[in-house]
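Engineer: Model the following, please.
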Amino acid sequence: MDMFGDPAIWLPWTFAALMGLSILTYVVLDGFDLGVGLLMPLTREDEKDRLVASIGPFWDANETWLVLAVGLLLVAFPPAHGIILTALYLPVFVMLVGLILRGVSFEMRAKAPITQKRMWNSAFFAGSLMASLSQGFMLGMYIMGLTWTLPNIAFATLTAVFLTVGYSFIGAAWLIWKTENQLQRSAIRWAKGGIWGLVLGIVAISAATPFVSTRIFDKWFSLPEIFYLAPLPILSGALVAFVWWQLSRLPLQNDRWSWTPFAAAIALFSLAYGGMAYSFYPYIVPEKITIYDAASAPESLFIILIGTLFVLPAILGYTMLSYYIFRGKATALRYD
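Structural biologist: As a prediction, this is how the structure comes out:
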């Protein structure tokens, strides 16, 4: 346990990195299938089955990453788990209701008679909207220090709207890659609108984060720290310009480069997430508890790490295998 140095340092850091990776993976993977659900009202009736089929093999497995992230938070950082979940109890409840509603409506719409299918389509959209808004609200409250004041609630509400639009963008980017013909052309149009919601969300969060504490302000604007952060907005701006250029060209012959908007969307989310991680590290509860203060005993963390080294490759392997098996364009949804 001492071979990598002080276990009271490297074990909390390792678990924070694993939890951060799990959260980012969940945001990207479940973000696009929530985004697809948000686009449900914009599609024609004859396109809705194809839209749902594009996420059919993936949507439930994507939520495994949320379970992993919350599980790591519970076992590795118990005090932080109690503080965060207590402060965010209501939006977490709304998110879970939304995810349950999505799951039920996903299955029911496939077997429901035509007269009830529209109701289940609406329920699928409502579940996606509830989950997206609640996740955005939790993000805003976390940035503002988990304190329930009117200005913080207003900021969290704004963040909820922007993250929801951002999810619709990555969902549209997924549909550009996985669909064709009229639905693909519609997805290109939706992505052109959705990307600006994502940009506004990143700008709003970036504008608020330095003022959360003087420590974060100094990490952003002091020398030489400013040079560590500078590549993130530069790369983000370049990615936005690249995505807009690609969207103006798509669809191309033989469906070339249809995957690029989705890849760029993943990169944009990752850069924004990286900026947040840089800003708040080493705190797991903003400006209150560090990962080292909240960590379980090194002996416990080491045992948990051994189990994680078995679980994480299994989840990664299953995820990669499912995306490989169901590669290519989405086909008609069938429950024979």
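
Engineer: Show the pLDDT at Arg249.
Structural biologist: On the pLDDT scale, Arg249 is placed at 88.

Engineer: again but with Gly275, I slipped
Structural biologist: Gly275 carries a pLDDT value of 90.

Engineer: Ile153 too?
Structural biologist: Note on Ile153: pLDDT of 94.

Engineer: Skip the chain neighbours and tell me the closest residue to it.
Structural biologist: Leaving aside its chain neighbours, Ile153 sits nearest to Met141 (7.8 Å; criterion: Cβ to Cβ, 6 or more residues apart in numbering). (Glycine included, C-beta is placed from N, CA and C.)

Engineer: pLDDT value on the one you found, please?
Structural biologist: At Met141, the pLDDT value in this model is 94.

Engineer: so it sits in a helix?
Structural biologist: Yes. The assignment for Met141 by DSSP: H, G, I helix; E, B strand; the rest coil puts it in a helix.

Engineer: For it, the count of nearby residues, please.
Structural biologist: Neighbourhood size, Met141 [other Cβ atoms under 10 Å]: 24.

Engineer: Equivalent analysis for Ala207, please.
Structural biologist: Neighbour count for Ala207, taken as other Cβ under 10 Å: 9.

Engineer: now it: how far from Ile143?
Structural biologist: Separation of Ala207 from Ile143 (Cβ to Cβ, to the nearest Å) stands at 11 Å.

Engineer: Contacts only, for Leu183.
Structural biologist: 43, 47, 50-51, 175 (Cβ atoms under 8 Å, 6 or more residues apart in numbering).

Engineer: List the buried residues in the helix or strand hosting it.
Structural biologist: Assigned by DSSP states H and E, Leu183 belongs to helix 181-208. Neighbour-count burial for helix 181-208 flags 183-184, 186-188, 190-192, 194-195, 197-199, 201-202, 204-206, 208 (criterion: 16 or more other Cβ atoms under 10 Å).

Engineer: averaged over its residues, what pLDDT does that helix have?
Structural biologist: Across helix 181-208, pLDDT averages out at 89.

Engineer: same thing with stretch 308-317?
Structural biologist: Across stretch 308-317, pLDDT averages out at 89.

Engineer: any weak-confidence spans in the stretch 201-336 of the chain?
Structural biologist: The model of the stretch 201-336 of the chain has pLDDT under 70 over residues 332-336.

Engineer: For it, which segments are assigned as strands?
Structural biologist: Ranges of strands within the stretch 201-336 of the chain are 283-285, 289-290, based on DSSP state E, counting those that start in this stretch.

Engineer: mind listing what's buried in the longest one?
Structural biologist: The neighbour-count check on strand 283-285 (16+ other Cβ under 10 Å) flags 283-285 as buried.

Engineer: My understanding was that Leu163 contacts Ser134; is that so?
Structural biologist: No. Using Cβ atoms under 8 Å, Leu163 is not in contact with Ser134; the gap is 9.8 Å.

Engineer: Can you tell me which helices and strands the helix ranked longest in the chain packs against?
Structural biologist: For the chain, the longest helix by residue count, based on DSSP state H, is helix 7-38. Using 3 or more Cβ pairs under 8 Å, 6 or more residues apart in numbering; DSSP states H and E as the contact test, the elements touching helix 7-38 are helix 59-62, helix 64-76, helix 114-143, helix 150-178, helix 260-280, helix 291-294, helix 298-325.
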